[in-house]
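[1] here you go, sequence then predicted model.
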Amino acid sequence: MIRLLLADDQELIRSALAVMLALEEDFEVVASVGRGDEVAAAAREHHPDVALLDIEMPGLDGLAAAGVLAHEAPQCRSVILTTFGRPGYLRRAMESGASGFVVKDAPAEQLAATIRRVAAGERVVDPGLAATVSEIAGKLFLSEGTVRNYLSAAIAKTGTRNRSEAVRLAEEQGWL
């Protein structure tokens, strides 16, 4: 049984995740919190195997909470689950000690598979982010870090939330 801690400041999202994940025979949601600064205490009390952390939460953001968990509850591996599929967030998540990074528009099956792989000790990155960055880096003879920086800059300059929105806006404006 994989024990889960859910951390998202939106009650509806947290509750929906709990219901969805409870449908998996090998998952058990043991704790649910709405603030990043509640994550470490919940991990110490409930001993989860994996924590699903939203990036934007009051108290501590999910990236900072992942860093705290890595130091204070190393038996609990973190997965960042976010609306913001930005390469800069991905880089910061991996630097903070997170073991996984999944965007919220991923299929439920992908989230479940990510949780299982992270619980088994793997590092998992949303395939769309990982494949795209590698492909672009190879074609342009740039490092993956440089590509992630450029993608983050494009998202910021367009005022969009993620790469998909940036591409859609660029196509609508005739920039691509």
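    Yes, it's here.

[2] give the next helix or strand downstream of the helix or strand encompassing residue 29.
    Using DSSP states H and E, the element containing residue 29 is strand 27-33. Once the chain leaves strand 27-33, the next helix or strand it forms, by DSSP H and E, is helix 39-46.

[3] pull the CA atoms of that next one into CSV?
    Listed next in CSV are the C-alpha coordinates belonging to helix 39-46 (Å, rounded to 0.1, in the frame of the first residue of the first chain):
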residue,chain,number,x,y,z
VAL,A,39,3.2,19.5,5.2
ALA,A,40,6.1,18.6,7.4
ALA,A,41,4.0,18.1,10.5
ALA,A,42,1.5,16.0,8.6
ALA,A,43,4.4,13.9,7.2
ARG,A,44,5.8,13.3,10.7
GLU,A,45,2.4,12.4,12.1
HIS,A,46,1.1,10.2,9.3
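
[4] what residues sit buried inside that helix?
    39-40, 42-43, 46 (16 or more other Cβ atoms under 10 Å). Every residue, glycine included, has its C-beta placed from N, CA and C.

[5] what does the next helix or strand after it rub up against?
    Using DSSP H and E, the helix or strand that follows helix 39-46 in sequence is strand 50-53. Identification of contacts with strand 50-53 by Cβ atoms under 8 Å, 6 or more residues apart in numbering yields 2-8, 17, 36, 39, 43, 62, 65-66, 69, 76-81, 98, 115, 118-119.

[6] now strand 50-53: how far from the chain's centre is it?
    The chain centroid and the centroid of strand 50-53 are separated by 9 Å under Cα atoms, centre = their mean, to the nearest Å.

[7] what lines up beside that strand in the sheet?
    According to DSSP bridges, strand 50-53 forms sheet pairs with strand 2-7 (parallel), strand 77-82 (parallel).

[8] which helices and strands does whichever helix or strand comes after the first one pack with?
    Put plainly, it is strand 2-7. Per DSSP H and E, the first helix or strand lying C-terminal to strand 2-7 is helix 11-22. Counting contacts by 3 or more Cβ pairs under 8 Å, 6 or more residues apart in numbering; DSSP states H and E, helix 11-22 is packed against strand 2-7, strand 27-33, helix 108-119.

[9] distance to residue 50, mean pLDDT and mean neighbour count added to those, as CSV?
    CSV is the format used below for those (distance: least, Cβ to Cβ, whole Å; pLDDT from 0 to 100; neighbours: other Cβ atoms under 10 Å):
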stretch, distance to residue 50, mean pLDDT, mean neighbour count
strand 2-7, 6, 98, 24
strand 27-33, 9, 98, 19
helix 108-119, 5, 93, 18
